[in-house]
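*Asks:* No letters, just coordinates:
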Ligand code: JFZ
């Protein structure tokens, strides 16, 4: 059995290896379907179908991640001690007994939560979609669930369904809504997996006998019924299901049961964290930007603004607006999306430092969004940096040393150059792959022409002495 799998995998990977970049690219994944007990939509659809399904997501470029749940009450502190690491993992990191953690539910009454304001904030930030934790690893459902009583409507004095309120607002305000769902880890349901990161990365190391149980039973009695609720109770949403942290418990056969359900929603986009060898639609680099993207795959870098996803009262290590904006532009130039997190507190308020930064990013996008939304990756490439000849990264490969002078994105008849490090006099670029017919600065509403001088190896773009934006000024090259 093992040997057969190995051979099958070897054949699949050699087939993939031999495919032209393009076939790998747009996921002509028929080669992988034989390994799946249930073929997923990605296994069977054509490239044209995939392109149509992914269209809104590819154009969107910028989304809001929301990590919100019971963990916002302890907010990083348990029994008077600050618990290190990410806030939504506090139950695991402090080995909190199931009964003690469940006792948080009657205290959860986030009366300041306002779906209109959160969706309006996402829009003001220039975000085109939201992905919110419908159930994180703690097992608490942030929605009205008949399948399991440990949820925000049945177990808290709040009695409201924030997912429904967000779905209504997203519909009204015209952005997409997706649901994060922890399908594998569930620390309060018997049989749910637990990943103890402080014990040699051992999976399924439980700390309370109340967690004992059978994983398949958990999946059949809680996770799959809740996924059905999420998929059928919110109208046109979810547009995305964001799975997370699969363990070996999620066998191909069990994952296949989930896939059979997902297949009933042909517009749905889901990520690569289901498990059971399913690749899903999107790569999900977490807290980093891949140096060269993932050629041939759709991808989305998810990142925090400080050092936690779920709210921690004392984490004030916020990235600057400059860093967030440079990340967005860097990601767009490599063909990816940026899923940037907010962590509302236990009353439902978004931390002011997060609101402030999102509005600043949105201000830039309101002027320069043309250079981001719906664009293609750079036609250059070297500007992002280079691999070191001497330094190695953790995996022993040459270390990527990013450069932060400028990035580039591509439109139908435009090449955009987002300049971070404003040069004196002019910017020199290599000859682009297209004929350039003129140039202007995107933030200059008059589109006054700027001078271009051809040189033997490229173009000198004459620039005013000062940038039009302190972080990124966009040069537009008009092209054939
Ligand atoms: C996961 C979650 O555990 C985390 O709470 C958050 O939701 C984030 C977006 O996704 O983060 C991970 C996933 C995998 C590892 C660590 C954190 N890992 O493999 O070490």
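*Replies:* Received it, and whenever you're ready, just let me know what you need. These numbers come from a predicted model, not from an experiment.
*Asks:* give me phi/psi at the residue nearest to residue 414 when sequence neighbours are not counted?
*Replies:* Nearest non-adjacent residue to residue 414, counting by C-beta to C-beta, 6 or more residues apart in numbering: residue 476, 5.6 Å away. C-beta coordinates here come from the backbone N, C-alpha and C atoms, glycine included. Dihedral pair for residue 476: phi -110, psi 120, per degrees, to the nearest 10.
*Asks:* Beta-bridge partners for residue 476, please?
*Replies:* Beta-bridge partners recorded for residue 476 (DSSP bridges): residue 416, residue 440.
*Asks:* What's the local residue count around the residue of the stretch 351-480 of the chain at minimum distance from the ligand?
*Replies:* Per C-beta to the nearest ligand atom, residue 394 is where the stretch 351-480 of the chain lies closest to the ligand, at 12.8 Å. Look at residue 394: counted by other C-beta atoms under 10 Å, it has 6 neighbours.
*Asks:* these two touch, right, the residue nearest to residue 414 and residue 440?
*Replies:* Yes. Residue 476 lies in contact with residue 440 (C-beta atoms under 8 Å); the separation is 5.5 Å.
*Asks:* Could you measure from residue 238 over to residue 143?
*Replies:* 11 Å (C-beta to C-beta, to the nearest Å).
*Asks:* Same check on residue 434?
*Replies:* Residue 434 is 48 Å from residue 143, by C-beta to C-beta.
*Asks:* Indicate the residue of the stretch 1-150 of the chain located nearest to the ligand.
*Replies:* For the stretch 1-150 of the chain, C-beta to the nearest ligand atom, closest residue to the ligand: residue 88, 4.8 Å.
*Asks:* Tell me the pLDDT of that residue.
*Replies:* pLDDT recorded at residue 88 is 98.
*Asks:* Residue 434 and residue 143: which is more packed in?
*Replies:* More crowded of residue 434 and residue 143, by other C-beta under 10 Å: residue 143, with 23 against 15.
*Asks:* mind listing what that one touches?
*Replies:* Residue 143 makes contact with 134-135, 151-153, 161-164, 229-230, 233 under the criterion C-beta atoms under 8 Å, 6 or more residues apart in numbering.
*Asks:* try residue 453
*Replies:* So residue 453 contacts 426, 459-460, 462 (C-beta under 8 Å, 6+ apart).
*Asks:* for the chain, which spans come out with low pLDDT?
*Replies:* Counting by pLDDT under 70, the ranges of the chain that qualify are 1-34, 197-204.
*Asks:* interface residues of it facing the ligand?
*Replies:* Counting by C-beta under 6 Å from any ligand atom, the positions of the chain adjacent to the ligand are 86, 88-89, 244-245, 286, 302, 309.
*Asks:* let's go with 8 Å and repeat that
*Replies:* Neighbours of the ligand within the chain, by C-beta under 8 Å from any ligand atom: 65, 67, 86, 88-89, 133, 136-137, 180, 182, 185, 195, 197, 201, 244-245, 273, 286, 302, 309-310, 341.
*Asks:* was I right about residue 405 contacting residue 417?
*Replies:* No. With contacts counted by C-beta under 8 Å, residue 405 stays clear of residue 417, the gap being 10.1 Å.
*Asks:* of those two, who's got more company?
*Replies:* Remark: of residue 405 and residue 417, residue 417 carries more neighbours, 25 against 13, as counted by other C-beta under 10 Å.
*Asks:* list the residues that contact both of residue 238 and residue 143?
*Replies:* Residues touching both residue 238 and residue 143 by C-beta under 8 Å, 6+ apart: residue 230.
*Asks:* Which residue ranges of the stretch 201-350 of the chain form strands?
*Replies:* Taking DSSP state E, counting those that start in this stretch as the test, the strands found in the stretch 201-350 of the chain are 202-203, 240-243, 269-270, 282-283, 298-303, 337-342.
*Asks:* Next, format those strands as CSV and append mean neighbour count and distance to residue 256.
*Replies:* Output for the strands of the stretch 201-350 of the chain, formatted as CSV (neighbours: other C-beta atoms under 10 Å; distance: least, C-beta to C-beta, whole Å):
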stretch, mean neighbour count, distance to residue 256
strand 202-203, 14, 20
strand 240-243, 25, 14
strand 269-270, 24, 14
strand 282-283, 21, 20
strand 298-303, 22, 22
strand 337-342, 24, 27
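*Asks:* okay if I get those as JSON lines plus distance to residue 129?
*Replies:* Below are the strands of the stretch 201-350 of the chain laid out as JSON lines (distance: least, C-beta to C-beta, whole Å):
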{"stretch": "strand 202-203", "distance to residue 129": "31"}
{"stretch": "strand 240-243", "distance to residue 129": "7"}
{"stretch": "strand 269-270", "distance to residue 129": "10"}
{"stretch": "strand 282-283", "distance to residue 129": "12"}
{"stretch": "strand 298-303", "distance to residue 129": "10"}
{"stretch": "strand 337-342", "distance to residue 129": "8"}
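*Asks:* closest to residue 174 out of these?
*Replies:* Relative to residue 174, the nearest member of those by C-beta to C-beta is strand 240-243, separated by 16.1 Å.
*Asks:* What is the closest one packed up against?
*Replies:* Helices and strands touching strand 240-243, by 3 or more C-beta pairs under 8 Å, 6 or more residues apart in numbering; DSSP states H and E, are strand 129-135, strand 176-181, helix 224-232, strand 269-270.
*Asks:* Out of the ones you listed, which is closest to residue 369?
*Replies:* It's strand 129-135; of the helices and strands packed on strand 240-243, that one is closest to residue 369 (C-beta to C-beta) at 14.8 Å.
*Asks:* same for that closest one, what does it pack against?
*Replies:* Using 3+ C-beta pairs under 8 Å, 6+ apart as the test, strand 129-135 ends up in contact with strand 62-66, helix 115-124, helix 162-173, strand 176-181, helix 224-232, strand 240-243.
*Asks:* Nearest to residue 53, out of the ones you listed?
*Replies:* Between residue 53 and those, the shortest gap by C-beta to C-beta is with strand 240-243, which sits at 11.4 Å.
*Asks:* Direction included, what does that closest one pair up with?
*Replies:* Counting by DSSP bridges, strand 240-243 is paired with strand 176-181 (parallel), strand 269-270 (parallel).
*Asks:* Select, out of those strands, the one closest to residue 41.
*Replies:* In terms of C-beta to C-beta, the element of the strands paired with strand 240-243 nearest to residue 41 is strand 269-270, at 9.0 Å.
*Asks:* Give me the contacts around that closest one.
*Replies:* Strand 269-270 is contacted from outside by 53-54, 57, 178, 239-243, 262, 280-282, using C-beta under 8 Å, 6+ apart.
*Asks:* Likewise for stretch 152-167?
*Replies:* So stretch 152-167 is contacted by 68, 102, 105-106, 108-111, 113, 115, 118-119, 130, 132, 134, 140-145, 149, 177, 179, 230, 233-235, 237, 348 (C-beta under 8 Å, 6+ apart).
*Asks:* For the nearest residue to residue 293 once chain neighbours are set aside, the count of nearby residues, please.
*Replies:* In this structure, residue 293 finds its nearest non-sequential neighbour in residue 334, 3.6 Å apart by C-beta to C-beta, 6+ apart. The number of residues packed near residue 334 is 22, by other C-beta under 10 Å.
*Asks:* Fine, thanks again, bye for now.
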